[in-house]
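# Give me a model of this one.
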Amino acid sequence: MAYRFDKTFFIVPQAIDVNSTTQLLALGTRVRATDPTYGEGEFIYLKGVASTVLGDAVSYNADDWTTTRLVANAIGPVAIAMSACVAGEFGWYQIFGKAVVKAATVVDNADPYTSGTAGTLDDTVTATERVKNAKFASADGTPAAGFAELEIAYPFVDNGVAA
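Got it, this is the predicted structure:
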């Protein structure tokens with residue numbers, strides 16, 4: 001993915017697909033950027049967590065901007081890792097637009113749910129585990145094995161009843 005920043009009023013010192021051991025922006029900073037394939041997206045600058053890989057779904061805490069690879073029973077806003085941003089690093093996470101996410105076997109237009117694998121989404125209906133404000137935009141294998149496209153608009157999990 002080749003996102004280019006747009007509509008920013010400051011110099012952005014870290015590319016969307018890069019993680020850094022140095023915090024280069026205020027945590028929680030949001031920017032918009034455009035990719036020639038996936039269009040415009042919105043991204044948030046967060047702290048990484050151990051074992052994060054590109055495409056992981058994470059939940060994040062707005063108190064300290066920490067991330068947790070998404071698992072069952074999570075509560076909070078959800079974002080998609082744009083790099084392998086592990087503990088002790090800082091990077092961008094997508095919160096709006098068409099994202100590429102780690103996925104189990106899924107079908108196009110299905111609702112996403114947490115899965116038994118941290119950071120990976122599935123379309124198997126599991127009560128209370130739905131990722132809201134999100135929908136698969138492809139089956140698994142697009143754009144590559146183990147991934148799927150996901151349309152997101154500030155997704156979140158609330159451990160509530162599946163709708």
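
# Can you classify L150 by secondary structure?
With DSSP: H, G, I helix; E, B strand; the rest coil as the basis, L150 sits in strand.

# Just list the residues touching T22, thanks.
Applying CB atoms under 8 Å, 6 or more residues apart in numbering to T22 gives the contacts F90. For the C-beta atoms, the positions are set from N, CA and C on the backbone; glycine is no exception.

# Name the nearest residue to T120, ignoring sequence neighbours.
Of all residues not flanking T120 in the chain, K102 sits nearest, at 4.5 Å (CB to CB, 6 or more residues apart in numbering).

# What's opposite the one you found in the beta bridge?
Using DSSP bridges, the beta-bridge partners of K102 come out as F147.

# how deep is it tucked in, by neighbour count?
Using other CB atoms under 10 Å as the criterion, K102 is surrounded by 24 other residues.

# Which stretches in the protein count as strands?
Secondary structure of the chain by DSSP state E: the strands cover 4-6, 30-35, 39-47, 57-61, 66-69, 76-81, 90-102, 113-114, 121-122, 132-136, 147-157.

# List the buried residues for the fourth one?
Translated: strand 57-61. Under the neighbour-count criterion of 16 or more other CB atoms under 10 Å, strand 57-61 has 57-60 buried.

# Tell me the one of these nearest T114?
A57 (7.9 Å; CB to CB).

# residues contacting the closest one?
Per CB under 8 Å, 6+ apart, neighbours of A57: 69-70, 78-81, 101-102, 112, 114, 119-121, 131.

# Distance of it relative to T124?
Per CB to CB, to the nearest Å, A57 is found 15 Å from T124.

# Start and end of stretch 119-129, how far apart?
For stretch 119-129, the first-to-last residue distance is 13 Å (CA to CA, to the nearest Å).

# buried set for it?
119-123, 129.

# Ok, stretch 129-142 next?
Of all the residues in stretch 129-142, those buried under the rule 16+ other CB under 10 Å are 129-132, 134-140, 142.
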